[in-house]
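J.: Need coordinates for the below:
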Amino acid sequence: MTATQRRGRKIMMTPGELDDFLTTQRTCRVATVSADGAPHVSTLWFAWDGTSLWLYSVVRSKRWADLRRDRRVAIVVDTGEEYDELRGAELSGRVEFVGEIPRVGELCAELDFPETLFARKNFDLDEIPHDGRHAWIRLTPEKTVSWDFRKLGAR
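T.: Numbering: from 1, shown residues only. Just a heads-up that it's a prediction; the model follows:
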């Protein structure tokens, strides 16, 4: 157990590395708890504002229904193909729903920054197109675990 913990610390990202990683990655996997207690995992684009991870989710989805009933979530962002390229982070905690549901574009100062980040990152636009089907979910992680196998050196 101790060896694993030391190795875990060795490959853990620094706060700056983690921030850079979450800022540049686009896709995450969102794990929720279904009504019957079974896990449900889905894939979404996201935006990272330096403190919170923002998800723009369809409100008529299993993911949305799961989170409305139980706000606990685990989100994984990872990349790499070869073993010595693997990098990632797991963020977990309880989500908050921000803004109108569904989002049609009413003024909401709290959403100005994450919507701009999301639109630029995922659509190369300055404003996000609102379709009346999505709404915002924010995770300010209670726990974060990260790994960067590149720190292990060549095998």
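
J.: wouldn't residue 47 be in contact with residue 111 here?
T.: No - using Cβ atoms under 8 Å, residue 47 makes no contact with residue 111, being 10.7 Å away. Any C-beta I mention is one placed from the backbone N, CA and C, and that applies to glycine too.

J.: And these two? Which one has more around it.
T.: residue 47 (24 against 21; other Cβ atoms under 10 Å).

J.: Contact partners for the more buried one?
T.: Residue 47 makes contact with 53, 54, 114, 117, 118, 121, 122 under the criterion Cβ atoms under 8 Å, 6 or more residues apart in numbering.

J.: What sits closest to the second one if chain neighbours are left out?
T.: The shortest distance from residue 54 to any residue that is not its chain neighbour, by Cβ to Cβ, 6 or more residues apart in numbering, is 4.1 Å, and that residue is residue 114.

J.: For residue 151, see how far away that neighbour is.
T.: Counting by Cβ to Cβ, to the nearest Å, the gap from residue 114 to residue 151 is 30 Å.

J.: which residues in this protein form strands?
T.: 27-33, 39-48, 53-58, 72-79, 87-98, 134-139, 143-148 (DSSP state E).
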